[in-house]
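# would you be able to build a 3D model of this:
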Amino acid sequence: MKILMVEDDKTIAAGLEYSLQNDEYETILCHNVETALKVLAEQLDEFDLCLFDLSLPDGSGYDLCKYVKKNSDKPVIFLTAFDDEVNVVMGLDMGADDYITKPFRIRELLSRINSVFRRYHKQSQAKPVIEIENIRVNTLEGKIYKNGEEVLVTALEYRLFLIFATHIGQVLTRNQLLERIWDVAGDFVNDNTLTVYIKRLREKLDDVP
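Purely as a prediction, here's the structure:
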């Protein structure tokens, strides 16, 4: 597995690189947005996952996440010193797959990396097309269509709907939804935030929301 790390704190970066390589990951390390974009332009297809610090000297991890998600379906995890809900939701809406706040234990980060890989592996094994009445989900494209027209959804809304679509007839508790969306990172989405995303999905997909 090959991971792109972008972290401007060289002490943290060196520790992460050492730990990931000890866990048999191949790593490429950058310290700013400019260098990272050059690497992504040349090697994006080679990476299995990206770790982006949110605050960088010449920009933001958001910029890198936008580039990755626009050009691929590679998973992204944010590393950041910020822990407010606005930053969390903004990053996740942009398509990030997880979010971990410094300081953190390396084993926790490795656990989350493994969780993200498991989610992507499960999605790759899913049916390529799921049809529910007038709703069609193309899991290869990661897109939802209603009456033949694409419905624009965020990454979290898509994952949430995919859970519903693959568990028709089953009762899922709110805790089960949070666990299935985030695995070990369930603490980053509270009950109120989940309610908002379910409401958004209903507005976009129900004939009478």
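# average pLDDT across the strand or helix carrying Tyr99?
Here Tyr99, judged by DSSP states H and E, is contained in strand 98-101. Averaged across strand 98-101, pLDDT comes to 84.
# you'd agree Glu157 is up against Leu201?
Yes. Counting by C-beta atoms under 8 Å, Glu157 touches Leu201, with 5.6 Å between them. C-beta here means a position set from N, CA and C on the backbone, and glycine is covered the same way.
# and Val33, what's its pLDDT?
On the pLDDT scale, Val33 is placed at 95.
# tell me what the strand holding Tyr99 is packed against?
Helices and strands touching strand 98-101, by 3 or more C-beta pairs under 8 Å, 6 or more residues apart in numbering; DSSP states H and E, are strand 76-80, helix 85-93, helix 106-125.
# neighbouring strands of it in the sheet, and parallel or not?
Strands flanking strand 98-101 in the sheet, each with its direction: strand 76-80 (parallel) (DSSP bridges).
# chain center to the partner strand: distance?
9 Å (C-alpha atoms, centre = their mean, to the nearest Å).
# pipe the helices and strands packed on strand 98-101 into a markdown table and attach mean pLDDT, mean neighbour count and distance to Thr166 per row.
Shown next, in a markdown table, are the helices and strands packed on strand 98-101 (pLDDT from 0 to 100; neighbours: other C-beta atoms under 10 Å; distance: least, C-beta to C-beta, whole Å):
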| stretch | mean pLDDT | mean neighbour count | distance to Thr166 |
| --- | --- | --- | --- |
| strand 76-80 | 89 | 24 | 23 |
| helix 85-93 | 72 | 17 | 21 |
| helix 106-125 | 76 | 15 | 9 |
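# can you tell me the closest non-neighbouring residue to Val137?
Leaving aside its chain neighbours, Val137 sits nearest to Ile130 (4.3 Å; criterion: C-beta to C-beta, 6 or more residues apart in numbering).
# what about Asn192, how many neighbours?
Neighbour count of Asn192, defined by other C-beta atoms under 10 Å: 8.
# and the gap between it and Leu178?
12 Å (C-beta to C-beta, to the nearest Å).
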